[in-house]
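**Q** Using only what follows, build the 3D model:
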Amino acid sequence: MPLSEHEQRLLEQMERALYAEDPKFATSMRNARTIAGDRRRVILGVLALLAGMALLVTGVATQLVPVGVLGFVAMLGGIWLVVMAMRPAPQQAGAQPGGPAAAGAPGATTAARPQRRARPARPSGSLTERMEERWRRRRERGDF
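**A** Okay, here's the model as predicted:
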């Protein structure tokens, strides 16, 4: 049963108040929810990888090419699931609608927003020219 608009507003106000009072706790609770989902994806990915290996070996042993191809695809899918689950999630404190960093939200300050680093302009040219430019900059700084 979905929440009414009034209940949703109350919940959003409570979330903003919690984040304003204790942002560290609020962030840790938000991260705890995603860790359980990541664990499930890792386990599912490993199971898909093992099932794919079994199918691949079965396909090779019985000389059934479609079974081997299916096993290979299952292995790739399992590896993809594990890799995607292991990637760190981007930290976006107020990316959700009605989050604490939303425009006009009480308690939303500029100090609470994460600072973004400006990306340097991407040099134009071929790959070799960019690699040579990087190497030249490293040599100038002494980073090699």
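**Q** Number of residues surrounding residue 67?
**A** Neighbours of residue 67 under the rule other CB atoms under 10 Å: 17. The C-beta positions use only the backbone N, C-alpha and C, and glycine is treated the same way.
**Q** Now it: closest residue in space, sequence neighbours ignored.
**A** The shortest distance from residue 67 to any non-neighbouring residue, by CB to CB, 6 or more residues apart in numbering, is to residue 59 (3.5 Å).
**Q** Check the one you found and give its pLDDT.
**A** We have a pLDDT of 94 for residue 59.
**Q** correct me, but it touches residue 65?
**A** Yes. If you go by CB atoms under 8 Å, residue 59 and residue 65 touch, sitting 6.7 Å apart.
**Q** More neighbours: the two, which one.
**A** Using other CB under 10 Å as the criterion, residue 59 and residue 65 rank with residue 59 on top: 18 against 10.
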